[in-house]
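> generate coordinates for the sequence data below:
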Amino acid sequence: MIKNVLIVDDDQEMLVALQNGFQKYEDTFSVITAENGEEAVEKLKKSTISLIVTDLKMPRMDGFSLLQHVMENFPDIPVIVITGYSTPEMERMAREGGAVSYIAKPFMLDSLARKIMGTLRKESEGGTLHSVSSGIFLQLMEMEQKTCTIRLEDKSSGKKGVLFFSDGELLDARVNDLQGKSAAYEIFSWDKVTISIQNVCPPIANRVNSDLQPLILEASRLKDEADMNEESRKSERDEAEKPARPAASQKTKPVRDPIRRIRTVIDEQVGQRSGLVDVYRDKSWDGNVRQWSKVGSIFATGELQLCYVDRGEATDYIVLPGSDTIVLSVNPKCPRDKIMKVLHKL
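Here you go, the predicted model:
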């Protein structure tokens, strides 16, 4: 995973020299530049930054103000300070402001590069995983009560995000300028990700205030909803582009309704004491089905065929996955095993 390093300095010649000089390290990190603190803040909103290198004395918004902004809003991003006015007092102020390192002008480019790469290595001190399912992995973090900062990159879109865990609790999430639950929903919608683990979590406020499982399920629902809307728009476009066809001369055979078939089979084979309340199609369960299927694939239990769900409510549910997810609501005292055996044979 190539890391983005944001370099902030009002000296344009310095920025150009650093950008050109760091090209030989492009396999490790890429350079984004800003000429003052205000411009840097905008870059932080639009890009995922792993490290900031900033001058202290700049117009409009100086390095100290930028340090304060980073500590308040991006506490996981380390900052290296560079300045041409090196004094013990200024170095002390920079470190107290949150800087992890300090380098005085003039400096050798390779010296700064070593500081950058040494700091970036800490991002993945807990390991790096490729092409994993974010939802399953993060639930393991919760179960193991991990304290860490997790950086993720979506394999398909290239988007990057950050999650903050303390004792297994998700405190915050960030994707560009999204934070909290909105960012978490975005990250949990990614199917295959590269994950880097840093075994520390900065002291931050809890912006999520939720267990992990409801967040993952809601993210799946939102993704399914977005996919369905996109599929519907595509179908409408395809239909509009099709040439008109003459009416068919023969009537098409009606497709047998699976819901009616399920009702009939349960009535015939289980009887009036089946406890069946209703049978209906419900795509809102698709996110749950996808998560259950992923768990099944991890433990090699085979393809998900049906699932009994007890939520502690007045009715329980039996979910049958497929192109149209079908849900049976049943009395909790129903002959569950007999019903599921009948459904399994359909």
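
> doesn't residue 39 belong to a helix?
Yes. Under DSSP: H, G, I helix; E, B strand; the rest coil, residue 39 falls within a helix.

> that one: what's it in contact with?
Residue 39 makes contact with residue 8, according to C-beta atoms under 8 Å, 6 or more residues apart in numbering. (Glycine included, C-beta is placed from N, CA and C.)

> numbering from 51 from now on, please.
All right, first residue 51 from here; so that's residue 89.

> against residue 315, how distant is it?
Relative to residue 315, residue 89 is positioned 67 Å away (criterion: C-beta to C-beta, to the nearest Å).

> for this protein, which segments count as helices?
Shown for the chain, the helices assigned by DSSP state H span residues 62-71, 87-96, 113-123, 138-146, 159-171, 184-193, 231-238, 262-291, 308-319, 336-348, 386-394.

> can I get those helices in a markdown table with distance to residue 372 and mean pLDDT?
Putting the helices of the chain into a markdown table (distance: least, C-beta to C-beta, whole Å; pLDDT from 0 to 100) gives the following:
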| stretch | distance to residue 372 | mean pLDDT |
| --- | --- | --- |
| helix 62-71 | 54 | 92 |
| helix 87-96 | 41 | 93 |
| helix 113-123 | 45 | 87 |
| helix 138-146 | 60 | 68 |
| helix 159-171 | 46 | 90 |
| helix 184-193 | 21 | 72 |
| helix 231-238 | 24 | 92 |
| helix 262-291 | 14 | 78 |
| helix 308-319 | 8 | 89 |
| helix 336-348 | 9 | 76 |
| helix 386-394 | 12 | 88 |
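
> most tightly surrounded among the ones you listed?
Most buried of the helices of the chain, by mean neighbour count (mean count of other C-beta atoms under 10 Å): helix 231-238, with a mean of 21.

> compute the inter-axis angle for that helix and helix 184-193.
Interaxial angle, helix 231-238 versus helix 184-193 (axes from the mean of the first three to the mean of the last three C-alpha atoms, to 10 degrees): 120 degrees.

> who touches helix 231-238?
For helix 231-238, the external contacting residues (C-beta under 8 Å, 6+ apart) are 184-185, 188, 202, 209, 211, 213, 220, 222-225, 228, 257-258, 260, 265-266, 268-270, 272.

> 10 Å - rerun?
184-185, 188, 200, 202, 204, 209-213, 220, 222-228, 243, 257-260, 262, 265-273, 337 (C-beta atoms under 10 Å, 6 or more residues apart in numbering).

> tell me how the chain divides into domains.
With domains defined by automatic domain parsing, the chain comprises 53-173, 178-262, 308-394.

> what's the closest of those to residue 279?
Residue 279 lies closest to domain 308-394 among the domains of the chain, at 11.8 Å (C-beta to C-beta).

> from residue 71, how far out is the residue nearest the centre of the chain?
With distances taken as C-alpha atoms, centre = their mean, residue 237 lies nearest the centre of the chain, 1.3 Å away. As judged by C-beta to C-beta, residue 237 and residue 71 stand 34 Å apart.

> likewise residue 109?
24 Å.

> same deal with residue 309?
Using C-beta to C-beta, residue 309 is found at 67 Å from residue 71.

> also residue 255?
Counting by C-beta to C-beta, the gap from residue 255 to residue 71 is 39 Å.

> ok, residue 167 next?
14 Å.

> please apply the same query to residue 365.
Distance, residue 365 to residue 71, using C-beta to C-beta: 67 Å.

> same question, residue 229
Note on residue 229: its distance to residue 71, by C-beta to C-beta, is 34 Å.

> sounds good, over and out.
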